[in-house]
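1. Below are the sequence and a predicted model; questions follow.
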4 protein chains.
Amino acid sequence: MATHHFTPDHYYTTLGTYDPVLRLADRDTVITTTVDSGGGDHSGQQVTPPWNPLTGPFYIEGAVPGDTLVVHLDRLWPNRRQGITSTRIAPHIVDPWHVVSTYEKESTRGEWEIDRENGTATLVKPETRLGRLTLPLRPMLGCLGVAPGGGQALSSVTSAEHGGNMDYKGFEQGTTVYFPVFVAGALFFLGDGHAIQGDGEIAGTGIEISFDVQFTVSLQKGKRIGWPRGENETHLFTAGNARPLDQALQHATTEMIDWLKQDYGLDQVSAHTLLGQCVEYEVGNVFDPAYTMICKLSRSILRQIGVMPATSR
Amino acid sequence: MATHHFTPDHYYTTLGTYDPVLRLADRDTVITTTVDSGGGDHSGQQVTPPWNPLTGPFYIEGAVPGDTLVVHLDRLWPNRRQGITSTRIAPHIVDPWHVVSTYEKESTRGEWEIDRENGTATLVKPETRLGRLTLPLRPMLGCLGVAPGGGQALSSVTSAEHGGNMDYKGFEQGTTVYFPVFVAGALFFLGDGHAIQGDGEIAGTGIEISFDVQFTVSLQKGKRIGWPRGENETHLFTAGNARPLDQALQHATTEMIDWLKQDYGLDQVSAHTLLGQCVEYEVGNVFDPAYTMICKLSRSILRQIGVMPATSR
Amino acid sequence: MATHHFTPDHYYTTLGTYDPVLRLADRDTVITTTVDSGGGDHSGQQVTPPWNPLTGPFYIEGAVPGDTLVVHLDRLWPNRRQGITSTRIAPHIVDPWHVVSTYEKESTRGEWEIDRENGTATLVKPETRLGRLTLPLRPMLGCLGVAPGGGQALSSVTSAEHGGNMDYKGFEQGTTVYFPVFVAGALFFLGDGHAIQGDGEIAGTGIEISFDVQFTVSLQKGKRIGWPRGENETHLFTAGNARPLDQALQHATTEMIDWLKQDYGLDQVSAHTLLGQCVEYEVGNVFDPAYTMICKLSRSILRQIGVMPATSR
Amino acid sequence: MATHHFTPDHYYTTLGTYDPVLRLADRDTVITTTVDSGGGDHSGQQVTPPWNPLTGPFYIEGAVPGDTLVVHLDRLWPNRRQGITSTRIAPHIVDPWHVVSTYEKESTRGEWEIDRENGTATLVKPETRLGRLTLPLRPMLGCLGVAPGGGQALSSVTSAEHGGNMDYKGFEQGTTVYFPVFVAGALFFLGDGHAIQGDGEIAGTGIEISFDVQFTVSLQKGKRIGWPRGENETHLFTAGNARPLDQALQHATTEMIDWLKQDYGLDQVSAHTLLGQCVEYEVGNVFDPAYTMICKLSRSILRQIGVMPATSR
């Protein structure tokens, strides 16, 4: 249960089987930083090439394929004052004829001032009808995951069973995330912090910014899961990553059914009846090669029916 | 501003250009009922063939193509004690290999007891691990819309620009819904009430039940919209209907951009920047031939930037 | 086995249950005409509003839901000298970023001179790098089908189980087409003739032109099929209509499996093994709301394995 | 213009930046072998783990990102007598309800006897209604491509801009294939030979077999392409790889437009008009994570309009 202070000096734009930057024991905590999606650090200086450079990988002792890696996001907070956005929704997010008729070719760079003490972001550039729009911070990690199996090295701008660039607002502090382990040591990566992000990351960015991060790892030995899962105070959730969204929804829903059977002792009729009337979906990334759909279930409902996880954490 | 009490004696399972059951003036209110998706009325007796039989159509005086019909859902409430669900998630909602390996062929019928006074639904059949699961009512209309244009008559189990079977939880009492008008009189239809429904209607049913309904209509003359829109206390929303969900999301997002330009005076950079960091999506129907994606924006953000609708209602 | 000469005086842009223009007995032949997709007749004059106006419906005596309507396309040939095309591929057919960066907003009208004696079409306008490009005619019907069930009236620019705007090159003279019957009399419609068409109708048009048409109908009583099927000298084929193409492919493949089981006595292992190594796909319409995928199988392979249709025609 | 005889002793199941097995100069020829998709060699013995183990990578001297690698497939021929197939179409290829109702869970292994002299494959197991079905060989490579950029290593069961598991029947002997170069030396991989394959590889296999292969490489310096392209005696073609098929079709069509502009001097109106009436599509892999759509254009049409490639090979 050690606490490691780790200062990254190199970053990866693929999740693969690389030499770890640190070896962690079960229940160890890491305090570290992430650069923004463009490679900029806490001072705003670009220290590594762009497109979601990630901190890591962290090797978790004892993790082998077939286990589940548990990552508790203890703290996520911007560590500088300037965040950056695109000001143009991507063309594949709107109707094709809309792109032909009214879509402006020019894009520009939005700048936001982050007030870390009061927890707000204020639009400062460009000058628009929005004025100095001020929004409450909701810091989240756009990209987190483990090394995929089979010798693959997958870009940090896409996602799959191993996690990756899911851009889901629920990957925020206080959330516990579960990943299938595909390689020895699991090899956990994280980055692409957003001070705030709309669903879908439809402009191709949240408010991109560097982060201070603290997380704690643990292992569920011999527990096999198929896709990233998460838990927070109110919900369980699963993430499915694929295109089209219909397929991402299939993955996420199947994973939730499996979870309810595996840990909560529900049979098919119970799990289907419950999800049929109580499931909630949220949309993660719809900008990148793979889209993300989140399948959620309220914890209070599980408490009501008196089911308890088969394995305690 | 008359109030009409209307008792339906026939129903339609297509939205088309049929003889109206009632003619309404601007700001008229209708108090009526809907049967459940199987054609059962308040007594539980089947009075018309199944698959979303609809009450209507209601002819709104003065409505012509190019106008917008406004429907305020004043009151929606179950009018009997028994609701019905499927107990099986549809096979296209889960992974195909899951269907091959673990999906049970048999389906059964779930029954729920509706406590209208206390606003709850309790599972009474079948006996499962869920016990007598009790959920708070959130009554909503699965299917509502107007007659489509071009002489079409579209099934009440699908959806398109005219609305239809969108199965979105936000079509509940207190919501104002907007429809493009395609034919003289608009011809408004409604039905398929659900006491409760999970996102997506993934089991093919909410808790299916007959409703008491009260709604009030008005017109926005010469106001042209592309897809159904809605407003409630907290949000504006738009509905896009298509497959795959990616395309439904394109329609809904484009409609929201158009709305922000049309009524709130935003230009592209403002609208895209705002949605990029503040948009929310919700999933409507993913069971039927066309899927529904909802694009939402918080009203409080619009209030903050001081924009006001160009046309008051 | 009568032959009817029929001159249409009105057209439909929906396939629905309308008063028939003619009643046909089993094995009757009809000699008639179709206008082009813009409503232009053999003289080039617009005689009816645009968007695929159809000739029909033809009522086939004795046809009831659950039967199969058989239509042999005896002869399809342009009946005037000028055909029309779009000169722009639709924006949803190319990459969204391509539309943003290089796609020209302006469209223009292409004109082709049809030499009906020699069977060629020559590009005459606009003047382009293509010069007077001359292509061999391959006349086909873009839209053909029957009235859908359940009181629906579906636009002639889309398609579903009943057929409709499938824009498949194989709907040409010499082909036999099969449709499920959904309403009494089947109610057959046809139109949207193309002198030539590329796969997918990606520009939104073939070479649009009016046709002389001859076809012969027959019935397969009590033979239930799910989607349009066809046969020509070399192949059997099935048509699936949906979005995305993946789903259209599912429908077409399932229908071909059903056909092989139903008429050729194959079990699952035989049908799957055969299609696995011998199936061919062709792309029909990818321009309109529903896309079309064609699943084909060579007749010579069926002859080799000595299977014969269970029902002779 | 050397000819190299290369006997592989290890294989990769990812396409990535690995030490090359051989360095080739421009116009060099390689004579080598590939194992089957299960890792079986010419003797039928499994020599490496399954799932498309590939021969290579071959380093082409002088190749740098932004160049195009040209690979001429001189000869592809099975080098043993036994080929293997699945006997079950994958569940995501048929309607979900079909999987629930009639799909058999059990799969089995199909065996085919390959007559290399007479060029046929004959089904020998299991015993089915198909008897000893005999088909003409059409040997093709299921998987071929180059190392992707950005440090990625992508599984040989999927595909993207770099090629990969496209399972297109047109990758056969006599075809010239073009790949974008992403890394120094291009790093060409090949494998997954099929004696015969139906479109789409819908059963998850062609007739899987090991191959004797001969190919010749060359470079187009400074020629930038986006997706794999090919040429044979009759057609040009481009390959788009993505899900859903709609998106693969977008990629392939855009690449063909770019090709016509880049090498054949066509402007938008010419390219769109030509493709609109003359394009052909073929379906590659629809079994794996990314699907493949092929966009084709007849060479004879290009000859007719007198356009010649801007760069000769």
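-> Cool, got the structure.
2. so A:Cys295 touches A:Asp258, yeah?
-> No - taking C-beta atoms under 8 Å as the definition, A:Cys295 is not a contact partner of A:Asp258, at 11.0 Å. The C-beta positions use only the backbone N, C-alpha and C, and glycine is treated the same way.
3. now whichever strand or helix holds A:Gly230, how far from the centre of its chain.
-> If you go by DSSP states H and E, A:Gly230 is part of strand A:229-231. With C-alpha atoms, centre = their mean, to the nearest Å as the basis, strand A:229-231 stands 11 Å off its chain's centre.
4. now check it, is it near chain B?
-> No - under the criterion of C-beta under 8 Å from any C-beta of the partner chain, strand A:229-231 makes no contact with chain B; the nearest approach is 15.5 Å.
5. could you give the mean pLDDT of that strand?
-> Averaging pLDDT along strand A:229-231 gives 98.
6. Can you list the strands that it pairs with?
-> As defined by DSSP bridges, the strand partners of strand A:229-231 come to strand A:176-180 (antiparallel), strand A:235-242 (antiparallel).
7. okay, those, which one's buried deepest?
-> Of the strands paired with strand A:229-231, the one with the most neighbours on average (mean count of other C-beta atoms under 10 Å in any protein chain shown) is strand A:235-242, at a mean of 26.
8. average pLDDT for that one?
-> Strand A:235-242 comes out at a mean pLDDT of 98.
9. same check, this time on stretch A:257-268
-> Averaging pLDDT along stretch A:257-268 yields 96.
10. what about A:His92, neighbour count?
-> Residues near A:His92, counting by other C-beta atoms under 10 Å in any protein chain shown, number 21.
11. My read is that it contacts C:Val99, right?
-> No - between A:His92 and C:Val99 there is no contact under C-beta under 8 Å: 9.5 Å.
12. Please export the C-alpha coordinates of the helix or strand encompassing A:Thr55 as PDB.
-> Assigned by DSSP H and E, A:Thr55 belongs to strand A:54-60. Extracted C-alpha coordinates of strand A:54-60, given in PDB (Å, rounded to 0.1, in the frame of the first residue of the first chain):
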ATOM      1  CA  LEU A  54      -0.200   8.900 -22.300                       C
ATOM      2  CA  THR A  55       1.600   8.500 -18.900                       C
ATOM      3  CA  GLY A  56       2.600   4.900 -18.200                       C
ATOM      4  CA  PRO A  57       2.700   2.100 -18.500                       C
ATOM      5  CA  PHE A  58       2.400   1.000 -14.900                       C
ATOM      6  CA  TYR A  59       3.100  -2.700 -14.200                       C
ATOM      7  CA  ILE A  60       0.900  -4.300 -11.600                       C
END
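13. anything in that strand sitting right up against chain D?
-> No - judged by C-beta under 8 Å from any C-beta, strand A:54-60 stays clear of chain D, getting no closer than 11.7 Å.
14. Any chance you could list what contacts that strand?
-> A:6, A:8, A:11-13, A:15, A:18, A:20-26, A:30, A:32-35, A:69, A:143, A:146-147, A:156, A:185-192, A:213, A:217, A:219 (C-beta atoms under 8 Å, 6 or more residues apart in numbering or on different chains).
15. go with 6 Å
-> Strand A:54-60 is touched from outside by A:8, A:11-12, A:18, A:20, A:22-24, A:32, A:34, A:156, A:185-191, A:217, with contacts defined as C-beta atoms under 6 Å, 6 or more residues apart in numbering or on different chains.
16. Tell me which stretches of the stretch 51-200 of chain A form helices.
-> A:96-102 (DSSP state H, counting those that start in this stretch).
17. quick one, strands of it?
-> With strands called from DSSP state E, counting those that start in this stretch, the stretch 51-200 of chain A shows them at A:54-60, A:68-78, A:82-86, A:109-115, A:120-125, A:134-136, A:140-146, A:154-155, A:159-160, A:163-165, A:176-180, A:188-194.
18. quick check: angle from the third one to strand A:188-194?
-> Orientation check (axes from the mean of the first three to the mean of the last three C-alpha atoms, to 10 degrees): strand A:82-86 against strand A:188-194 gives 80 degrees.
19. And chain D, is the lowest-mean-pLDDT helix or strand in chain A touching that?
-> Lowest on mean pLDDT, DSSP states H and E among the helices and strands of chain A sits helix A:96-102, with a mean of 90. No - contact of helix A:96-102 with chain D is not found when judged by C-beta under 6 Å from any C-beta of the partner chain; the minimum separation is 9.8 Å.
20. Tell me how many other residues crowd A:Ile305.
-> Each residue near A:Ile305 was counted by other C-beta under 10 Å, and the total is 18.
21. who touches it in this structure?
-> By C-beta under 6 Å, 6+ apart, A:Ile305 lies in contact with B:130-131, B:133.
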